[in-house]
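# Return a 3D structure for these sequence lines:
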Amino acid sequence: MFSFLIFTGKGVLCNQITQTPSALTAEIGNQAKIFCNYATTYSNPDLYWYRQLSDHTLQFILHRDNSRSRDADFAKGRFAVERDLAGKTFHLVISPVGSEDAASYYCAIRTTMTQPDCSAVQKLPERPFLCSTSPTPSHFNGRYAPKCL
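Just a heads-up that it's a prediction; the model follows:
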């Protein structure tokens, strides 16, 4: 579990994101869920999911706020969110998982408040999301996501 905190010069907590699990292995063809809990004082934050591919490319997946949504073309039909405004959750669901989904996934929050500046992107996780073709878990001993087995 990891989180990202931002403090303004006045010591006010703006946003916090907690994303779990820090590493996940899923079989190709199955469903995977990455949990994101957030804390903010703003009532309509912009919430995002991104992923970093093995070539270090940062790829937009989707965006939601209280009235708008946007999904990358590749995400339509396979990527969804389970969002609970009261519980402040923004979980990413991938179904079915494909070999192209091996990446590091990031939940991010941005508010449109002008005082204090509360825009943030979360700290990068230590481990990526992995997928495999067999029930045997894959092992990863590096900083970047491998291709699926």
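
# how about the strands in this structure?
2-7, 13-20, 24-27, 32-40, 46-52, 58-64, 69-71, 79-84, 89-94, 104-110, 120-121, 129-132 (DSSP state E).

# can these go into a markdown table with extra columns for mean pLDDT and mean neighbour count?
From N, CA and C alone the C-beta is placed, and that goes for glycine too. Formatted as a markdown table, the strands of the chain follow (pLDDT from 0 to 100; neighbours: other Cβ atoms under 10 Å):
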| stretch | mean pLDDT | mean neighbour count |
| --- | --- | --- |
| strand 2-7 | 35 | 14 |
| strand 13-20 | 79 | 19 |
| strand 24-27 | 89 | 20 |
| strand 32-40 | 93 | 19 |
| strand 46-52 | 94 | 21 |
| strand 58-64 | 95 | 16 |
| strand 69-71 | 95 | 14 |
| strand 79-84 | 95 | 15 |
| strand 89-94 | 96 | 20 |
| strand 104-110 | 91 | 22 |
| strand 120-121 | 47 | 18 |
| strand 129-132 | 44 | 23 |
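
# Bridge partners for Thr20, pull those for me.
For Thr20, the beta-bridge partners under DSSP bridges are Phe35.

# got it, and the one 4 residues further on?
Beta-bridge partners recorded for Leu24 (DSSP bridges): Phe129.

# thought it was touching Asn30?
No - using Cβ atoms under 8 Å, Leu24 makes no contact with Asn30, being 11.3 Å away.

# got a list of what the residue lying closest to Cys36 once chain neighbours are set aside touches?
Spatially, and ignoring its direct neighbours in sequence, Cys36 is nearest to Cys107 (3.5 Å; Cβ to Cβ, 6 or more residues apart in numbering). For Cys107, the contact set (Cβ atoms under 8 Å, 6 or more residues apart in numbering) comprises Ile17, Gln19, Ile34, Cys36, Tyr38, Leu47, Tyr48, Trp49, Phe90, Leu92, Gln122.

# Against Arg70, how distant is the second one?
This means Gln19. 20 Å (Cβ to Cβ, to the nearest Å).

# burial measure for Gly87, as a count.
Counted with other Cβ atoms under 10 Å, the neighbours of Gly87 add up to 9.
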